[in-house]
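> Compute the structure for the input listed below.
(one chain, ligands or ions: 2)
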Amino acid sequence: MNQPRRVEHQQTDKGHVPVYTTAVVEQPWDQYRAEDHATWGTLYQRQRQLLLGRASDEFLKAQDEMGMTPDAIPRFAELNQVLEPATGWTLICVEGLLPELDFFDHLANRRFPVTWWIRRPDQIDYIAEPDLFHDLFGHVPLLMNPVFADYMEAYGKGGVKAHGIGPEALVNLSRLYWYTVEFGLINTPQGLRIYGSGIVSSKGESLYALESPAPNRIGFELERVMRTRYRIDTYQKTYFVIDSFEQLIQATYPDFTPIYQRLAQVEAHPAGRVLASDRVHTRGTGEGWATDADA
Ligand code: PHE
Ligand code: CO
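Ligands and ions are numbered 1, 2, ... in the order given. Sure thing, here's the model as predicted:
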């Protein structure tokens, strides 16, 4: 098998340009350096500590069950020995961002692509694209949860379908992914908790998403979410709050085709807007929000 490459975005005069790769590779575990294992360990310990009382119990429990430790970068093959019997998901090793349809196809078949390489020490607090820490620490634990595992497969199938409908449908569906899988909050009797991977893998956003007065925190409503733009370069202006993973999967059972048709007739909402119909947990002060256009 060919040597896996480290495929990263390119910095051009037009900003970051994502570079896609479709290769599925063998995890080059022996090639990780001491520095790479140390980056994993530092981030793992820092986030675990921060997330106690902040991440959802389902996430923390699932992460414990998987047997990840801060001692070394996990071997995907070992994690698969736990994950596959639990929910039928397997981790596959990739070089970086995948083209949308390849990504959907993997999810639809319960394969979760994990980037093999980890950020450099100078990127410890922020990296503009998914690396091993984001993918493994952030996304993989909840694949142990049966309901969330089903949701991810359904999302993959929905992605293949939306891809066939057209680019606008894909934009609507991507917003759902963004505001749930990546940046979702969940309501519990103890208060709001984090489950989105983009938050759990970020120290700054773990604090901001729960404790800052700046962002809106609004009850999840499917069509509302699919109509809302988001930020890719700053913390979110709005987080959507589910009551349970059961609620999330139930909301996504219906055929989205009529929703895509409706949304094609109306304008998207800016990321920070609060609507009269919203179930507002907290209304953000908007402090520090970027004023340029949302994605
Ligand atoms: N029900 C959606 C459709 O018809 C598929 C889907 C399920 C999308 C779960 C996202 C999450 O397209
Ligand atoms: Co992600």
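> low pLDDT regions in the stretch 101-250 of the chain?
The stretch 101-250 of the chain contains no residues with pLDDT under 70.
> which bits of it sit near ligand 2?
Within the stretch 101-250 of the chain, the positions near ligand 2 by C-beta under 5 Å from the ion are 130, 197. C-beta: built from backbone N, CA, C; applies to glycine.
> For the stretch 101-250 of the chain, just list every one of the helices.
With helices called from DSSP state H, counting those that start in this stretch, the stretch 101-250 of the chain shows them at 132, 146-165, 167-177, 197-200, 203-211, 222-226, 245-251.
> Pipe those helices into JSON lines and attach mean neighbour count per row.
Converted to JSON lines, these look like this (neighbours: other C-beta atoms under 10 Å):
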{"stretch": "helix 132", "mean neighbour count": "23"}
{"stretch": "helix 146-165", "mean neighbour count": "18"}
{"stretch": "helix 167-177", "mean neighbour count": "19"}
{"stretch": "helix 197-200", "mean neighbour count": "24"}
{"stretch": "helix 203-211", "mean neighbour count": "17"}
{"stretch": "helix 222-226", "mean neighbour count": "19"}
{"stretch": "helix 245-251", "mean neighbour count": "17"}
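> of all the ones you listed, which lies closest to residue 39?
helix 132 (9.1 Å; C-beta to C-beta).
> From the rest of the structure, what touches the closest one?
For helix 132, the external contacting residues (C-beta atoms under 8 Å, 6 or more residues apart in numbering) are 40, 73, 114-118.
> Go again with 7 Å.
Helix 132 is touched from outside by 73, 114-118, with contacts defined as C-beta atoms under 7 Å, 6 or more residues apart in numbering.
> List just the nearest of those to ligand 1.
residue 114 (20.6 Å; C-beta to the nearest ligand atom).
> Strands of this structure, start to end?
In the chain, the segments counted as strands under DSSP state E are 10-12, 15-17, 24-25, 90-94, 111-115, 185-188, 191-194, 216-219, 238-242, 280-282.
> Residue 34 is nearest to which of those strands?
strand 111-115 (19.9 Å).
> Now do the closest one and strand 90-94, the angle between them.
Per axes from the mean of the first three to the mean of the last three C-alpha atoms, to 10 degrees, the angle that strand 111-115 makes with strand 90-94 is 40 degrees.
> Strand 111-115: how far from the chain's middle?
Distance of strand 111-115 from its chain centroid, counting by C-alpha atoms, centre = their mean, to the nearest Å, is 12 Å.
> ditto for stretch 145-162
Taking C-alpha atoms, centre = their mean, the mean C-alpha location of stretch 145-162 is offset from the chain mean by 13 Å.
> Pull up the gap between residue 32 and ligand 1, please.
Using C-beta to the nearest ligand atom, to the nearest Å, residue 32 is found at 34 Å from ligand 1.
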